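1. Sequence first, then the predicted structure, then my questions.
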Amino acid sequence: MSSELNIIRQVAWLALIPQFLFAMLLIFFWHLLRAPDPALYGLVSYFIISYCLRTFIPKLHNKGMKHVKKAEFEEAIPYFQKSYEFFSKNLWIDKYRFITVLSSSAMSYREMALTNIALSYSQLGQVIKAKEFYEKTLAEFPKSILAKNELALIQKELLNPIN
């Protein structure tokens, strides 16, 4: 399939508000501790906390993405499946990811996992499996523009195969 992949990031701009407030809270905390430069200490604290949360909580998703970026799609699929299972068991982490992971992503980790599994199957040439996962994505996330668009492309490809 495609030799170069585009990584799509959709931002939920309202999710930036609690993150901004959290950063301000950290600055205020360092101000109360009479740090020499509370703004610097607060922002460094914010970035350290943010890095740790984004690294350790979605670690399975991150491992899958590393494989996708190296075009190792078969290796990526199990990580995305495990990520989907983790966030399905811990729905509250995914639902409140703007606080729990300090993520401003408009897509939930569960939706990302399903679309990344579909993408991986598509890149492996397993169009039927890809279609199955895009349909599963739409069943759980009916507003998923990415899944709708990719499913339409697959339908078009299945109706008009290029030999």
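-> Good, I have the coordinates.

2. can you give me the mean pLDDT across the lengthiest helix in the chain?
-> Longest helix in the chain by number of residues (criterion: DSSP state H): helix 38-56. On average, the pLDDT along helix 38-56 is 96.

3. Buried ones in it, by neighbour count?
-> Within helix 38-56, the residues that count as buried by 16 or more other Cβ atoms under 10 Å are 38, 41-42, 45-46, 50, 53-54. Every C-beta, even on glycine, is put in place using the N, C-alpha and C of the backbone.

4. One more: stretch 19-27?
-> For stretch 19-27, burial by neighbour count (16+ other Cβ under 10 Å) applies to 19, 22-23, 26-27.

5. Who are the packing partners of the lowest-mean-pLDDT helix or strand in the chain?
-> Within the chain, no helix or strand scores below helix 145-159, which has a mean of 88 by mean pLDDT, DSSP states H and E. Helices and strands touching helix 145-159, as assessed by 3 or more Cβ pairs under 8 Å, 6 or more residues apart in numbering; DSSP states H and E, comprise helix 109-123, helix 127-140.

6. Let's see that with 6 Å instead.
-> Helix 145-159 sits against helix 127-140, with contacts defined as 3 or more Cβ pairs under 6 Å, 6 or more residues apart in numbering; DSSP states H and E.

7. any weak-confidence spans in the chain?
-> The model of the chain has pLDDT under 70 over residues 1-9, 11, 161-163.

8. Domain ranges for it, per the record?
-> Here the domain parsing of the chain from automatic domain parsing is 11-56, 58-92+107-163.

9. Centre of the chain to the shortest one, how far?
-> What that stands for is domain 11-56. 21 Å (Cα atoms, centre = their mean, to the nearest Å).

10. Now stretch 45-54 - C-alpha only, CSV.
-> Written as CSV, here are the backbone C-alpha positions of stretch 45-54 (Å, rounded to 0.1, in the frame of the first residue of the first chain):
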residue,chain,number,x,y,z
SER,A,45,7.3,20.7,36.7
TYR,A,46,4.4,20.7,34.2
PHE,A,47,6.6,19.4,31.4
ILE,A,48,8.1,16.7,33.5
ILE,A,49,4.7,15.6,34.8
SER,A,50,3.3,15.7,31.2
TYR,A,51,6.2,13.7,29.8
CYS,A,52,5.8,11.0,32.5
LEU,A,53,2.1,10.7,32.0
ARG,A,54,2.3,10.6,28.2
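
11. that older thread, just the angle for the least confident helix or strand of the chain relative to helix 109-123, thanks.
-> Angle of helix 145-159 versus helix 109-123, following axes from the mean of the first three to the mean of the last three Cα atoms, to 10 degrees, is 20 degrees.

12. Good, we can wrap up now.
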